[in-house]
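> take this sequence and fold it.
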Amino acid sequence: MPYLNFNAKNPFLKLLIVFMSILTIGVITYFIGVLLSKFIFSMHLDAINHAFYGRWDELTDSQIKYYQAFQTFGFFILPGIFLHWILSASDNEYFNIRFKINGVGLVLTIIAFAGAIPLINWIVNLNQSISFPTFMSGIEDSLRTNEESLTSFSKRLLDMQGIPSLIATVFIIGALPAIGEEFIFRGVFQTLFKEILRNMHLSIIISAILFSAFHGEFFGFIPRFFLGLLLGYLMHWSKTIWMPVIGHFIFNSATIIICYLFQREKIGSLGQSLSIDGQFNLIVLVSLGVVIVMMFALRKLYANPQRN
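Got it, this is the predicted structure:
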């Protein structure tokens, strides 16, 4: 039972509490992480300033992964836990954090989100092919410059030299964001918007928009929005936060492993099959079919109380 119960308060007040909690806890945690980096990496003051102001080009790959982990922990995991505690009523959790997993649902979720990778890759390329009208060329150039910077940052995060680096990357980019982002976007925001709008479909859509917009990539907005919809409906059907966490983790981790195998030149010939070249091919069509069938099966599974 939370010490301060805001469950009966106006949902717009709760929305303000959510944003303030995320910002306050995130900034404090990240600041602590920056200070600790002086002792962990024996960093000089100049390098610490670079980290604090986001000048990643001045940092090593290990330092970048360290700060990424602290950002995720501070802006998502800790606020998610705190908000779940403070917004829960004495007789009702804000979102179901109890670990209760249906075995069949787990298998279907793994197949759905691992199988979605070619489809998501194709949507990524479709999104990146969007062109602005001539009079908006300045805006497009600015957005693409920002995308190039984020892509460069992502490549450094995904630079894996061996199995230990792969495991660390799966933890930092696969596990931590899966837990933190689902706690915030599906757990807190989706539940809160349902209270405000009294419409589950709109709450899932708005939460998916926020989820995608947070990543700050206009030319990657559509695939993340689509992924957010899948995770949102999985949360709605399963009534537990852990199913979208697992789905998110499977998608992230499978993508990381594929990147690792490409870096090691193990699956270079599969580029077209994975739709990395942007072509709509048989594998993408199969991927679409897998997602549709698995999500339909998940909806049917959780609609039957006797099987949960």
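
> how many neighbouring residues does Met136 have?
11 (other Cβ atoms under 10 Å). (Each C-beta comes from the backbone N, C-alpha and C, glycine too.)

> no no, Ile110
Neighbours of Ile110 under the rule other Cβ under 10 Å: 17.

> surely it is in contact with Phe251?
No - look at Ile110 against Phe251 with Cβ atoms under 8 Å: they stay out of range, at 9.9 Å.

> give me the common contacts of the two.
With contacts taken as Cβ atoms under 8 Å, 6 or more residues apart in numbering, Ile110 and Phe251 have no neighbour in common.

> using the three-state scheme, assign the closest residue to Ala297 other than its chain neighbours.
With sequence-adjacent residues excluded and distances taken as Cβ to Cβ, 6 or more residues apart in numbering, Ala297 is closest to Leu108, at 5.3 Å. With DSSP: H, G, I helix; E, B strand; the rest coil as the basis, Leu108 sits in helix.

> name the element Ile22 belongs to?
Using DSSP states H and E, Ile22 falls within helix 11-40.

> quick one: find the helix or strand in this protein with the lowest mean pLDDT.
helix 45-52 (a mean of 63; mean pLDDT, DSSP states H and E).

> give me the helices and strands touching the helix or strand just after that one, please.
Next helix or strand after helix 45-52 toward the C-terminus (DSSP H and E): helix 61-72. Applying 3 or more Cβ pairs under 8 Å, 6 or more residues apart in numbering; DSSP states H and E, we find helix 61-72 packed against helix 11-40, helix 45-52, helix 137-157, helix 176-181.

> hey, which of the ones you listed is tucked in deepest?
Among these, helix 176-181 has the highest mean neighbour count (mean count of other Cβ atoms under 10 Å), at a mean of 22.

> give me the number of residues near the closest residue to Leu150 other than its chain neighbours?
Excluding the flanking residues, the one nearest Leu150 by Cβ to Cβ, 6+ apart is Glu217, at 5.9 Å. Residues lying near Glu217 (other Cβ under 10 Å) number 20.

> backbone phi and psi for Glu217, please?
The phi/psi pair for Glu217 (degrees, to the nearest 10) reads phi -120, psi 100.

> list the contacts for it?
Contacts of Glu217 (Cβ under 8 Å, 6+ apart): 146-147, 150, 224.

> look up how far Leu298 lies from Leu202.
21 Å (Cβ to Cβ, to the nearest Å).

> so those two - more neighbours on which side?
When Leu202 and Leu298 are compared for neighbours, Leu298 comes out ahead with 24 against 13, by other Cβ under 10 Å.

> alpha carbons of stretch 58-65, in CSV - could you do that?
The C-alpha trace of stretch 58-65 is given here as CSV (Å, rounded to 0.1, in the frame of the first residue of the first chain):
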residue,chain,number,x,y,z
GLU,A,58,34.4,12.2,-26.9
LEU,A,59,33.6,9.0,-25.0
THR,A,60,34.6,5.3,-25.3
ASP,A,61,32.1,2.6,-26.3
SER,A,62,32.2,1.2,-22.7
GLN,A,63,31.4,4.7,-21.3
ILE,A,64,28.6,5.2,-23.7
LYS,A,65,27.0,1.9,-22.7
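
> buried ones in it?
Under the neighbour-count criterion of 16 or more other Cβ atoms under 10 Å, stretch 58-65 has 59, 61, 63-65 buried.

> tally of neighbours for Asn92?
Neighbour count of Asn92, defined by other Cβ under 10 Å: 8.

> repeat for the one 5 residues further on
As a burial measure, Ile97 scores 16 neighbours (other Cβ under 10 Å).
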